[in-house]
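In: After the sequence you'll find the predicted model.
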Amino acid sequence: MGKGMSCKDKKRNEGVSEILGELLLLAVVVLMATVFANYASSYIPPLKNVPQARIVGYTNGSNYTLTIQFGESLPLHDLCIAVTYNYSSNPKTLYFTYSHTSGNVAVFTAGSKEAWLFLRPGYYNESWSFGEKLNIPREGNCTLIEVLCDNSLISRLHFPEG
């Protein structure tokens, strides 16, 4: 042993350096985990901001009528109404998409078929809002209507056959 240093002092110094070594090792591991987590999260796609709305529907003579009961407005250009008709156990789905607006009526088409969204007069903002009624023609037995906005499901309504 060197002059002026006892065995006790040497052990105390060795213990301090082991603790510092462990703390440095822990800091490096935490830093590496943070860098990896940041790198990995850059590959996760951002979530879509999909509007939320509660849509109710009923049969009205020769139409199915849908209305937003509460929730956000749905942009007309991003809207698709998928209507599945059941023709004698042979289902057929029509996809109604926004075509144009005439007066206070937004027209949705699926081939030669049309659906009409009655907008509030003087309140046209290129979206389907609370209280506005969408009429879809009845044809055969409709079993399902799905409202999609930007390819994300907003609402699914089942109608009994008959």
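Out: The structure has been received and is ready for your questions.

In: what about the longest strand in this structure?
Out: For the chain, the longest strand by residue count, based on DSSP state E, is strand 90-102.

In: Next, the angle strand 90-102 makes with the helix or strand just after that one.
Out: Counting by DSSP states H and E, the element after strand 90-102 in chain order, helix or strand, is strand 105-110. Inter-element angle recorded for strand 105-110 and strand 90-102: 150 degrees (by axes from the mean of the first three to the mean of the last three C-alpha atoms, to 10 degrees).

In: what packs against strand 105-110?
Out: strand 79-87, strand 90-102, strand 113-118 (3 or more C-beta pairs under 8 Å, 6 or more residues apart in numbering; DSSP states H and E). C-betas here are computed from N, CA, C, even on glycine.

In: Mind listing what's buried along the longest strand of the chain?
Out: Buried residues in strand 90-102, defined by neighbour count with 16 or more other C-beta atoms under 10 Å: Leu94, Phe96, Tyr98.

In: cool, and stretch 73-93?
Out: Leu74, Leu76, Asp78, Leu79, Cys80, Ile81, Ala82, Val83, Thr84, Tyr85.

In: Quick check: phi and psi on the second one?
Out: In terms of degrees, to the nearest 10, the main-chain angles of Leu76 are phi -60, psi -40.

In: need the contact list for the closest residue to it other than its chain neighbours.
Out: Spatial nearest neighbour of Leu76, excluding adjacent residues (C-beta to C-beta, 6 or more residues apart in numbering): Tyr98 at 4.4 Å. Residues near Tyr98 by C-beta atoms under 8 Å, 6 or more residues apart in numbering: Leu76, His77, Leu79, Ala106, Val107, Phe108.

In: do Ser73 as well
Out: Pro51, Ala53, Asn125, Ser127, Trp128, Ser129, Phe130.

In: and if you look at Asp78?
Out: By C-beta under 8 Å, 6+ apart, Asp78 lies in contact with Cys149, Asp150.

In: now do Pro137
Out: Residues near Pro137 by C-beta under 8 Å, 6+ apart: Ser62, Asn63, Tyr64, Lys113, Glu114, Ala115.

In: Noted, bye for now.
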